[in-house]
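**Student:** have a look at this prediction, sequence included:
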Amino acid sequence: MMTRFNKTPSFLIFFIWAALGVFSFRSSISDSISIYDALKSHGLPMGLLPKGVTNYTWDHENGMFEVFLDQACNAKFESELHYDRNVSGQLGLGQIGNLSGISAQELFLWFPVKGIRVDIPSSGVIYFDVGVVFKQFSLSLFETPPDCMAAAHPPSDFDDGTLISDM
């Protein structure tokens with residue numbers, strides 16, 4: 001009995017040591033993935049964010065993220081999107097909620113994008129929540145991160161810089 005008792009603690013110590021090694025290994029893998037890979041792993045296209053991400057934070061527990069770009073910029077799809085230097089939101093399966101830092105142009109007006117969702121990936125459609133409506137785009141437009149042209153802020157609809165949706 002004494003020998004068996006002596007082996008149990010060493011086995012237990014080895015098991016705890018191995019488990020801690022696996023958890024730290026998983027942590028280092030998840031910390032090294034790009035924000036584009038994080039989007040893809042959540043069923044979202046990588047091209048929702050432009051090229052030029054310099055850094056990002058992502059809380060794996062609650063999905064909150066913040067992306068840092070070199071500069072504010074505009075990207076052209078079917079319509080134009082504006083990205084602030086900092087874009088933040090909550091990443092979920094097939095969606096981004098609580099989004100800030102992205103504006104979409106509709107005709108000559110700019111609207112803040114509050115959320116993005118893909119209902120059924122096979123439908124080929126992605127929806128942007130711009131507050132008053134959901135703007136629908138082809139999912140294929142966002143397959144790769146777009147080039148982004150430098151912009152100080154989205155062109156304003158009014159001289160004081162107020163967006164029509166802020167009124």
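**Tutor:** Good, I have the coordinates.
**Student:** P50 touches Y83, doesn't it?
**Tutor:** Yes. Counting by CB atoms under 8 Å, P50 does reach Y83; the two are 5.7 Å apart. C-beta coordinates here come from the backbone N, C-alpha and C atoms, glycine included.
**Student:** those two: which is more packed in?
**Tutor:** Counted by other CB atoms under 10 Å, P50 and Y83 do not tie: Y83 has more neighbours, with 26 against 21.
**Student:** A strand includes the more buried one, no?
**Tutor:** Yes. Under DSSP: H, G, I helix; E, B strand; the rest coil, Y83 falls within a strand.
**Student:** quick one: it from G115, how far?
**Tutor:** Counting by CB to CB, to the nearest Å, the separation of Y83 from G115 is 16 Å.
**Student:** with S122 instead?
**Tutor:** Counting by CB to CB, the gap from S122 to G115 is 21 Å.
**Student:** got it, and H42?
**Tutor:** In this view, H42 and G115 are 13 Å apart by CB to CB.
**Student:** circling back: list the residues that contact both of P50 and Y83?
**Tutor:** Residues touching both P50 and Y83 (CB atoms under 8 Å, 6 or more residues apart in numbering) are L69, C73, A75, C148.
**Student:** run a quick neighbour tally on the first one.
**Tutor:** Yep, that's L69 we're talking about. Neighbours of L69 under the rule other CB under 10 Å: 21.
**Student:** quick one: contacts for it?
**Tutor:** Residues near L69 by CB under 8 Å, 6+ apart: P50, G52, V53, T54, Y83, D84, R85, N86, V87, C148.
**Student:** in helices, which of those fall?
**Tutor:** Among the contacts of L69, no residue falls in helices (DSSP state H).
**Student:** excluding chain neighbours, what is closest to G101?
**Tutor:** Distances taken as CB to CB, 6 or more residues apart in numbering put V87 closest to G101, at 3.5 Å, once the chain neighbours are dropped.
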